[in-house]
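Chemist: Need a 3D model of the following:
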Amino acid sequence: MRRFQYGTALSAACAALLLTGLTGCGGGGTASTQSLQAPADAPAVAADGAAKSSVRAKALDGAQEGARDEGGRTAGKNIASDVTVTAQERQVVYVARMTVRAKEVTAAVQKAKQIVTGAGGYLAKEQTNASDGGDGSAELEFKIPPARYAEVLASLGRDLGKQLSLNQGTEDVTMQVADVNSRLRSAQQALDSLRTLLKKANTIGQVLEVEREIAAREADLESLQAQQKELAAQVSMATLTLAVVGPVTVVEPPSEDPPGFLGGLATGWRALVSFAKVALTVLGVLLPWLLLVAPVVALVVLLARRAGRRRATPPARPEGAAPSARPEDAAPSARPEDAAPPAGPEAPAES
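Modeler: Presented below is the predicted three-dimensional model:
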């Protein structure tokens, strides 16, 4: 505690010194630029610099006096009181993960919600993939008060079903909490000092510099406040991730057929039944197409037969007309071998 008080006083003094250095750099740069650009304005620049120096001196004196006063009060307290070491309350974060096998996942999830709610906790996250039959799985994230943490773990592992696994962990964040709280107090005091200094600013340059510093300190203060809230939330509630799984499905091994004639007969019968199932399945798939294609095919075949009959039937003969001679009734033509041989030169007479 003594170290924190000295640190607070030292932080206030450092803030004043830092602001003094920033203001001095800004003022010196402005004076140099004005001296180079407009030598005639040197008296005004000197007056402005003197005013800034006066403000910085006042701020530094105030910070030093505050540091001395706070240090004196701290020293007085330490001298007046006996030095006693008190046990600091530990800040512990509890984290656990449990897996439970239940007969019905949905019923187990509802039971777990009732147990946690009855202990003062609440459900932070849920992911369920379960059916009405009880199969499936679910994963729940609960926030539980640390005082009822062990009781809730025992109740969930006993009442939901068979506990398969449980992993627990703790994290001591006492030093982190103390560090964040100390930095938060220092940042708040530095911000208050800057706001007081802003009221004493005399020129626009001083106001702008102090406002920029205030904006930076406010951003740091908000970040520290967010860290403080997060640590407080982790410490105030333990985190439990509960996984609920359904019963294991037992798969029976296939029975082996006995060797010999009976085994072959059973195998053949199963093959026949399988073939019949496949054939009926194929027929069921093709039947709608057959009902659609069969009328079209029948119409095409009928039209083709009618066209063939029309080509085979001869045209009708008019009345009184002589029948046309058929090729088979015509006189046969003379064959080449029946014709007389051509006349040639007579053979010479024998002497």
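
Chemist: What are the boundaries of the strands in the stretch 51-200 of the chain?
Modeler: 92-101, 122-130, 136-144, 162-172 (DSSP state E, counting those that start in this stretch).

Chemist: Go through the protein and flag its longest helix.
Modeler: helix 261-312 (DSSP state H).

Chemist: and that helix, what does it pack onto?
Modeler: Under the contact definition 3 or more CB pairs under 8 Å, 6 or more residues apart in numbering; DSSP states H and E, helix 261-312 sits against no other helix or strand. All C-beta spots, glycine's among them, are computed from the backbone N, C-alpha and C.

Chemist: what does the average pLDDT come to for it?
Modeler: Averaged across helix 261-312, the pLDDT comes to 86.

Chemist: possible to save the strands of the stretch 51-200 of the chain as JSON lines with distance to V300, mean neighbour count and mean pLDDT?
Modeler: Shown next, in JSON lines, are the strands of the stretch 51-200 of the chain (distance: least, CB to CB, whole Å; neighbours: other CB atoms under 10 Å; pLDDT from 0 to 100):
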{"stretch": "strand 92-101", "distance to V300": "66", "mean neighbour count": "18", "mean pLDDT": "90"}
{"stretch": "strand 122-130", "distance to V300": "56", "mean neighbour count": "13", "mean pLDDT": "86"}
{"stretch": "strand 136-144", "distance to V300": "56", "mean neighbour count": "19", "mean pLDDT": "90"}
{"stretch": "strand 162-172", "distance to V300": "70", "mean neighbour count": "12", "mean pLDDT": "88"}
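
Chemist: residue contacts, Q91?
Modeler: Residues near Q91 by CB atoms under 8 Å, 6 or more residues apart in numbering: 172-174, 176-177, 231, 235.

Chemist: swap in T117?
Modeler: So T117 contacts L123 (CB under 8 Å, 6+ apart).

Chemist: And the pLDDT for it?
Modeler: With respect to pLDDT, T117 scores 91.

Chemist: Would you mind measuring from it to P145?
Modeler: For T117, the distance to P145 equals 12 Å [CB to CB, to the nearest Å].

Chemist: Please apply the same query to G120.
Modeler: 5 Å.

Chemist: And for L198?
Modeler: Counting by CB to CB - L198 and P145 are separated by 44 Å.

Chemist: again, but for S137
Modeler: 27 Å.

Chemist: go on, A102?
Modeler: From A102 over to P145 (counting by CB to CB), the distance is 25 Å.

Chemist: Kindly report the same for L283.
Modeler: L283 is 67 Å from P145, by CB to CB.

Chemist: export the strands of the stretch 51-200 of the chain to TSV and tack on distance to F275?
Modeler: As requested, the strands of the stretch 51-200 of the chain are exported to TSV (distance: least, CB to CB, whole Å):
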stretch	distance to F275
strand 92-101	43
strand 122-130	39
strand 136-144	37
strand 162-172	46
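
Chemist: Out of those strands, flag the one nearest V207.
Modeler: strand 92-101 (44.5 Å; CB to CB).

Chemist: same for that closest one, what does it pack against?
Modeler: Where contact means 3+ CB pairs under 8 Å, 6+ apart, strand 92-101 is packed against helix 149-159, strand 162-172, helix 204-236, strand 238-245.

Chemist: hey, which of the ones you listed is tucked in deepest?
Modeler: Neighbour counts (mean count of other CB atoms under 10 Å) averaged over each of these peak at strand 238-245, with a mean of 22.

Chemist: That one packs against which elements?
Modeler: Looks like strand 238-245 contacts strand 92-101, helix 105-118, strand 136-144, helix 149-159 (3+ CB pairs under 8 Å, 6+ apart).

Chemist: What's opposite T239 in the beta bridge?
Modeler: For T239, the beta-bridge partners are V95, K143 (DSSP bridges).

Chemist: so how far is A279 from it?
Modeler: From T239 to A279 the distance is 60 Å (CB to CB).

Chemist: again, but for S182
Modeler: Relative to A279, S182 is positioned 84 Å away (criterion: CB to CB).

Chemist: Please identify which of these two sits among more neighbours.
Modeler: S182 (16 against 10; other CB atoms under 10 Å).
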